[in-house]
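Visitor: here is a sequence with its predicted model. Questions after.
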2 protein chains.
Amino acid sequence: MVRRIVIVGCGVSGTTAGFYARKTDRTSDITIVGDEALPEYSRCGLPYAFSGIVPTMRSLIGYDEDFYEHTNRIDLRLGVAATRIHPDRQTVELNSPNRRMTELPYDSLILTTGAHTTTLAVPGSDLTGVFTIRTMNDVEGLANYLKEAQAKKVAIIGAGLTGSEMAEALLVRGVAVLQAEIVPEILPVILDPDMAAIVREKGLEHGVEYHLQSTLDEILGDKGKVVGVRISGHAYEVDAIIVAVRVRPNTELAKDAGILLGESGGIRADERMLTSANNIYAAGDCIETFDLITRRHVFFQLATTAVRQSMVAGINAAGGDARYPGSTGVTTVKLFGLEVATLGPTTAMAEKIGITPVSVRITGSTRLSYYPGGKDLTVKLLANRENGKLIGAQLVGEEGATLRCNFASMAAHLGLTVQDFSEIETCYSPPLAPVWDPVTIAAQALLRKLRPPLTKAPTTRSNS
Amino acid sequence: MVRRIVIVGCGVSGTTAGFYARKTDRTSDITIVGDEALPEYSRCGLPYAFSGIVPTMRSLIGYDEDFYEHTNRIDLRLGVAATRIHPDRQTVELNSPNRRMTELPYDSLILTTGAHTTTLAVPGSDLTGVFTIRTMNDVEGLANYLKEAQAKKVAIIGAGLTGSEMAEALLVRGVAVLQAEIVPEILPVILDPDMAAIVREKGLEHGVEYHLQSTLDEILGDKGKVVGVRISGHAYEVDAIIVAVRVRPNTELAKDAGILLGESGGIRADERMLTSANNIYAAGDCIETFDLITRRHVFFQLATTAVRQSMVAGINAAGGDARYPGSTGVTTVKLFGLEVATLGPTTAMAEKIGITPVSVRITGSTRLSYYPGGKDLTVKLLANRENGKLIGAQLVGEEGATLRCNFASMAAHLGLTVQDFSEIETCYSPPLAPVWDPVTIAAQALLRKLRPPLTKAPTTRSNS
């Protein structure tokens, strides 16, 4: 009998799962149901299409419908919502605008329902000119609104990844930016404050007006449209507002079907991406992910994590056998000319979850001093004092942060101690890299902090 | 009693050993004896000082003499040759030009005697205008000679790393280059022919006149000076010739003292960098290094390997306890606008030493297709068919090869299988890196080649 695979969600997760399911079982019936009108496009690319660096929104679309329908023989149903799962009789109810409600039977179901943005419950939230950033519709809506309003200034609430990328994109478009963040420093989830300050300094140079430790009290309106914001008691004139705060997994469909959620609020899936329900898999932003460093289940919002999970879900849903080991959460972002790459918990987060972190920060160069063109690279490494393992890396610099963070990602994935990590050889050539890589220099410095001072135990060996 | 540490050689190895010895034992007497007139300078920087990219030769010098003498309290004896070691009475004989022969006693001796270039025994080898490239003297001599002779064309014998870097440097100076290589492709030690061909194509575009599978028959002279070369039977007019063939370890001093050499011809040292003689350590280009991938002792000529070995030698010679685990031989070089980074044996070398390699080559991009500025990156990965371990990586592209090779270096250092390697998450952001890194894509492709086809064993699990 032909295996019927249904995938709910046509983002990068649903699409990846579909393609891997097809590779695994050439004869199965595969259906992807997506509630947006478009097939998968790069959500991460939206700020760059908004700024104009990527010339058109449509170029963010990964594959045309023909590639789904004909090359991969996937029944693509776009603009269709899945409204209910019946795990008992293995069907999914669809609410299709053009036909009456249909019930789609499955042998394997993959949930890639993604996540949704949230807003803040403040007066004025319902005014025209309040935006969140998740879909192409959101960003096109923002772009059109700013154009029509001839907007000069936008307030962004939240200085995480999306808020910060949108701040830069607005500046590229010539729109002034006021950015408010409730905690004392930007990028609080991915960077320690001392590292984030380097990025914020560049943001200031580029013209961002930061309001830290500040809360949005009210969105001010006139004739139903945004005309300002009141932040921590002060009013500011702005033409629009972007709320870029918490993103939450879309779990309603799973929850209604009795599928278990995890501690973080995402759908719980095992290493085969199987949920608590028979033959129902889940992957991507809607699930919680096993964090290889903290050994906890967390809610990452990473395309790299999503595609790896979706590959595994697609293979298994089609009768194969693949495993997803978990994620280090390695993340990178380019802001104001800086590469910002991170991995593992921040110092504050580590302490919060009961790890005693030891950290070191150094600034090295991406070349030897005599060779022209080397750039400063600031590297902060965190270790677990208990066992000497590398638990975090934060890198900020004009070049070379991203790929060095992958190097640290491998070490953290494998549970290397800082000693082990410091012993991995890196390559050198004057035009390309220094003899001692900045990451290695940081590891050696961290090692000295982890070791008991020699003077305290002069007769014993150092633990090198 | 104060520990007396003597270091023979003032290259990067001797200098590194000296500084780490000082850090380890604040009270020791440390002497470095160097036969060149200058303290340590970057040999790897010589082609760039020659080309003018690095403005002056002198900027290659790492530290001024004051930093040795006063900051680190090291007795620096430059322009002095060590002529004999007496392991029985723990002394080194010096031949100092300004004083009579002296005999220097040591408690710990570190040999960092480096390596030397070799020439070819062909007619005309003794003509003026024949150069090898190792020291600053060599390169200054070449530069002066070319200037005085108003040289238009130079022949380079050998298309390894040094020969290739010098070819590009000569072109930057406006001098035409004929380059001969005895084997059928350039860079034969570090790249498979299919990967080296990409570099050679760029070299051709830049104007290098390659003669592959060609041997130097004779150097042609007139009035004692080079006027041409005869290569594989054909004569070519050139104004000078650079012989960039085999480099050999300087082991005379060690051999005369009865210190054991290894299979590759370098001094044999254990993981504490101790030679076969009591209290005599060795590090850098004069020793043979344990290759972590092939598990053989080989002769690497890498500054990164040298400084790590020298750190260990310096610490141990001063009473500490450090270990050098071995090297993956990870290497990078920039040639004609391409980053060329490699690791592990070539396919031919792997076969020669009894490993059955399986390899894959893919060309990916350093960005997603929609984001402007992505560059092609060609990645070749090699695995051992017996155990599925990653044994080699060869990367060629305009950017991103070097740091990705470090990522592969960690995997090879730790003995990861290609499966394990493919599971390490890499970070993504449109301006910085693609969702699936080219190295991961190559690893996944290699995995498919390593796996027995599913059709042959339909009832068993695939080994994913």
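Guide: Yep, that arrived.
Visitor: secondary structure class for A:F290?
Guide: strand (DSSP: H, G, I helix; E, B strand; the rest coil).
Visitor: surely it touches A:H297?
Guide: Yes: between A:F290 and A:H297 there is a contact under Cβ atoms under 8 Å: 5.8 Å. Quick note: C-beta positions are derived from backbone N, CA and C, even for glycine.
Visitor: what are the phi and psi values for A:F131?
Guide: Dihedral angles of A:F131 (phi, psi; degrees, to the nearest 10) stand at phi -130, psi 150.
Visitor: that one against A:D138, yeah?
Guide: Yes: A:F131 is within contact range of A:D138, at 6.3 Å (criterion: Cβ under 8 Å).
Visitor: so where's the stretch 351-464 of chain A uncertain?
Guide: Along the stretch 351-464 of chain A, the model assigns pLDDT under 70 to residues A:452-464.
Visitor: which of A:F131 and A:D138 has more neighbours?
Guide: Legend: neighbour count by other Cβ atoms under 10 Å in any protein chain shown for A:F131 and A:D138, higher for A:F131 (24 against 17).
Visitor: what sits against the more buried one?
Guide: A:D138, A:G141, A:L142, A:Y145, A:A240, A:I241, A:I242, A:V243 (Cβ atoms under 8 Å, 6 or more residues apart in numbering or on different chains).
Visitor: go again with 10 Å.
Guide: Listed by Cβ atoms under 10 Å, 6 or more residues apart in numbering or on different chains, the contact partners of A:F131 are A:117, A:119, A:138-139, A:141-143, A:145-146, A:154, A:156, A:166, A:226, A:240-244.
Visitor: which neighbours do A:F290 and A:H297 share?
Guide: Residues touching both A:F290 and A:H297 (Cβ under 10 Å, 6+ apart) are A:G262, A:A269, A:G326.
Visitor: so for the last one, what's the nearest residue that isn't a sequence neighbour?
Guide: If the residues on either side of it in the chain are set aside, A:G326 comes closest to A:F290, at 3.7 Å by Cβ to Cβ, 6 or more residues apart in numbering or on different chains.
Visitor: count the residues that sit near that neighbour.
Guide: A:F290: 19 neighbours (other Cβ under 10 Å).
Visitor: mind checking pLDDT for the closest residue to A:G320 other than its chain neighbours?
Guide: Closest residue to A:G320 apart from its sequence neighbours, by Cβ to Cβ, 6+ apart: A:T24 at 4.3 Å. Turning to A:T24, the model gives it a pLDDT of 97.
Visitor: what's the spacing between A:T24 and A:G373?
Guide: Distance from A:T24 to A:G373, counting by Cβ to Cβ, to the nearest Å: 47 Å.
Visitor: go on, A:M101?
Guide: As judged by Cβ to Cβ, A:M101 and A:G373 stand 62 Å apart.
Visitor: next: A:Y145.
Guide: Per Cβ to Cβ, A:Y145 is found 42 Å from A:G373.
Visitor: between these two, who's got more neighbours?
Guide: A:Y145 (19 against 10).
Visitor: mind listing what's buried in the host helix or strand of that one?
Guide: Here A:Y145 sits within helix A:136-148, counting by DSSP states H and E. The neighbour-count check on helix A:136-148 (16 or more other Cβ atoms under 10 Å in any protein chain shown) flags A:M136, A:D138, A:V139, A:L142, A:A143, A:Y145, A:L146 as buried.
Visitor: which elements pack onto it?
Guide: Applying 3 or more Cβ pairs under 10 Å, 6 or more residues apart in numbering or on different chains; DSSP states H and E, one finds that helix A:136-148 contacts helix A:46-51, strand A:130-131, strand A:153-157, helix A:161-172, strand A:240-243.
Visitor: could you redo the last one with a cut-off of 8 Å?
Guide: Packing partners of helix A:136-148 (3 or more Cβ pairs under 8 Å, 6 or more residues apart in numbering or on different chains; DSSP states H and E): helix A:46-51, strand A:130-131, strand A:240-243.
Visitor: let's have these in TSV, adding distance to B:T162.
Guide: Shown next, in TSV, are those (distance: least, Cβ to Cβ, whole Å):
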stretch	distance to B:T162
helix A:46-51	42
strand A:130-131	58
strand A:240-243	55
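Visitor: nearest to B:A81, out of the ones you listed?
Guide: In terms of Cβ to Cβ, the element of those nearest to B:A81 is helix A:46-51, at 61.1 Å.
Visitor: for A:E168, see how far away the closest residue to chain B within the stretch 351-464 of chain A is.
Guide: Closest contact between the stretch 351-464 of chain A and chain B, by Cβ to the nearest Cβ, is at A:L403 (3.5 Å). To A:E168, A:L403 is 21 Å away according to Cβ to Cβ.
Visitor: what about those two, which has more around it?
Guide: More crowded of A:L403 and A:E168, by other Cβ under 10 Å: A:L403, with 28 against 24.
Visitor: quick check: the more buried one touching B:E399?
Guide: No: at 9.7 Å, A:L403 does not count as touching B:E399 under the criterion of Cβ under 8 Å.
Visitor: can you classify A:Q309 as helix, strand or coil?
Guide: A:Q309 - assigned by three-state DSSP - is helix.
Visitor: what's the closest non-adjacent residue to it?
Guide: Closest to A:Q309 by Cβ to Cβ, 6+ apart is A:A283, at 3.8 Å.
Visitor: quick one: the one you found and A:A317 touch, right?
Guide: No: A:A283 is not in contact with A:A317 according to Cβ under 8 Å; the separation is 9.7 Å.
Visitor: before we move on, back to that, so what's the gap between the helix holding A:Y145 and the chain middle?
Guide: Distance, stretch centre to chain centre, for helix A:136-148: 23 Å (Cα atoms, centre = their mean, to the nearest Å).
Visitor: that older thread, secondary structure element for the residue of the stretch 351-464 of chain A closest to chain B?
Guide: helix A:401-414.
Visitor: list phi and psi for the residue lying closest to A:N72 once chain neighbours are set aside.
Guide: Leaving aside its chain neighbours, A:N72 sits nearest to A:R22 (4.8 Å; criterion: Cβ to Cβ, 6+ apart). Here is the backbone geometry of A:R22 (degrees, to the nearest 10): phi -60, psi -40.
Visitor: count of neighbours near A:R22?
Guide: What A:R22 shows, counting by other Cβ under 10 Å, is a neighbour count of 20.
Visitor: please pull up the helix or strand immediately following the host helix or strand of A:A196.
Guide: Assigned by DSSP H and E, A:A196 falls within helix A:193-206. Scanning forward in sequence from helix A:193-206 by DSSP H and E, the next helix or strand is strand A:209-211.
Visitor: got a list of contacts for the next helix-or-strand element following that next one?
Guide: Per DSSP H and E, the first helix or strand lying C-terminal to strand A:209-211 is strand A:216-222. Residues outside strand A:216-222 that contact it (Cβ under 8 Å, 6+ apart): A:120, A:122-125, A:127, A:129-130, A:157, A:180, A:226-233, A:235, A:241.
Visitor: can you flag which of those residues belong to strands?
Guide: Those of the contacts of strand A:216-222 mapping onto strands are A:V130, A:I157, A:A180, A:V226, A:V227, A:G228, A:V229, A:R230, A:I231, A:A235, A:I241, per DSSP state E.
Visitor: and these as CSV, adding pLDDT, distance to B:R58 and neighbour count?
Guide: Shown next, in CSV, are the ones in strands among the contacts of strand A:216-222 (pLDDT from 0 to 100; distance: Cβ to Cβ, whole Å; neighbours: other Cβ atoms under 10 Å in any protein chain shown):
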residue, pLDDT, distance to B:R58, neighbour count
A:V130, 98, 62, 23
A:I157, 98, 55, 27
A:A180, 98, 53, 23
A:V226, 98, 62, 25
A:V227, 98, 64, 17
A:G228, 98, 61, 19
A:V229, 98, 59, 26
A:R230, 98, 62, 17
A:I231, 98, 56, 19
A:A235, 98, 61, 13
A:I241, 98, 58, 27
